[in-house]
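>>> got a sequence here, can you build the structure:
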Amino acid sequence: MKGHNRRVTTLAVHQGVLMSGGADREVRLWQMDPATKTFNCTHTIEESMPGPINKIHPLGGHLFVGGLHGLAMLDLSTLKVTKLLPPTKAVSDMLEFQGHIIVAYTEGGLRIFDAEGTLKSEMKMLEAGPILKIAGLDSGPRVLCGHIRGQVTTITLPSFEFKTEFQALAGQKVDSLLCAGHDGIFLVGSQDGSLQLWQRLEGGLPS
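Numbering: from 1, shown residues only. This is a model prediction of the structure:
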């Protein structure tokens, strides 16, 4: 598959279509040719992209595209950008929750939008600073935010309130987060290659 001209940063699948976003400011759509068993690029979207792309996520009839200069909504029926949602700040990650999209900004703030792009809630910059990754924890439930200096912040859902912050990694970025989907278990991946296994317990850290 000959694709983007620069680094591919994010992938998603929606209704049998593979979607990719890259540092070349493009979103590409791919479909498999049943005869050749190879994927072909069917569409390339460049117009109105919010800079180099960090994350894409399909929700409802739109593809939310998070880039260096904010968040765009791509109508999947027309493949046109219909909205550019403020602020014009770098998006680091996104998470779907109950028909809404939680957007984390690199500077350390978060916003919740509904499927039509209406702002529902906002959290100003967290004390732990820049956010690299977010993940959804079944126990609580919670949003987990991984930070550039190794902290993890937990935020309650659906109230969207700060709960606690703890130091998971010493002197390392939280480069990846993965929730197991049961028993409050989650993994933290660091930039030096190490992994940590955590479990949320009622009345204890991390809460």
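
>>> who does M32 form a beta bridge with?
Beta-bridge partners for M32, by DSSP bridges, are F39.

>>> now E161
Under the criterion DSSP bridges, E161 forms beta bridges with T156.

>>> how close does it get to L126?
Noted for E161: a distance of 12 Å to L126, by CB to CB, to the nearest Å. For the C-beta atoms, the positions are set from N, CA and C on the backbone; glycine is no exception.

>>> which one's more surrounded, the two?
Taking other CB atoms under 10 Å, E161 and L126 do not tie; L126 has more neighbours (20 against 10).

>>> close enough to count as contact, that one and G109?
Yes: L126 is within contact range of G109, at 7.3 Å (criterion: CB atoms under 8 Å).

>>> which residues of this protein fall in helices?
Counting by DSSP state H, the chain forms no helices at all.

>>> how is it partitioned into domains?
Annotated domains of the chain cover 1-124, 126-207 [automatic domain parsing].

>>> pLDDT of the first one, averaged?
Per-residue pLDDT values over domain 1-124 give a mean of 96.

>>> I figured S139 hits G184, correct?
Yes: using CB under 8 Å, S139 makes contact with G184 at a distance of 3.1 Å.

>>> which residues are in contact with both of the two?
Here S139 and G184 have R200 as joint contacts, going by CB atoms under 8 Å, 6 or more residues apart in numbering.

>>> so what's the residue count around the closest residue to I148 other than its chain neighbours?
What sits nearest to I148 in space, not counting adjacent residues and going by CB to CB, 6 or more residues apart in numbering, is P130, at 4.3 Å. P130: 19 surrounding residues under other CB under 10 Å.
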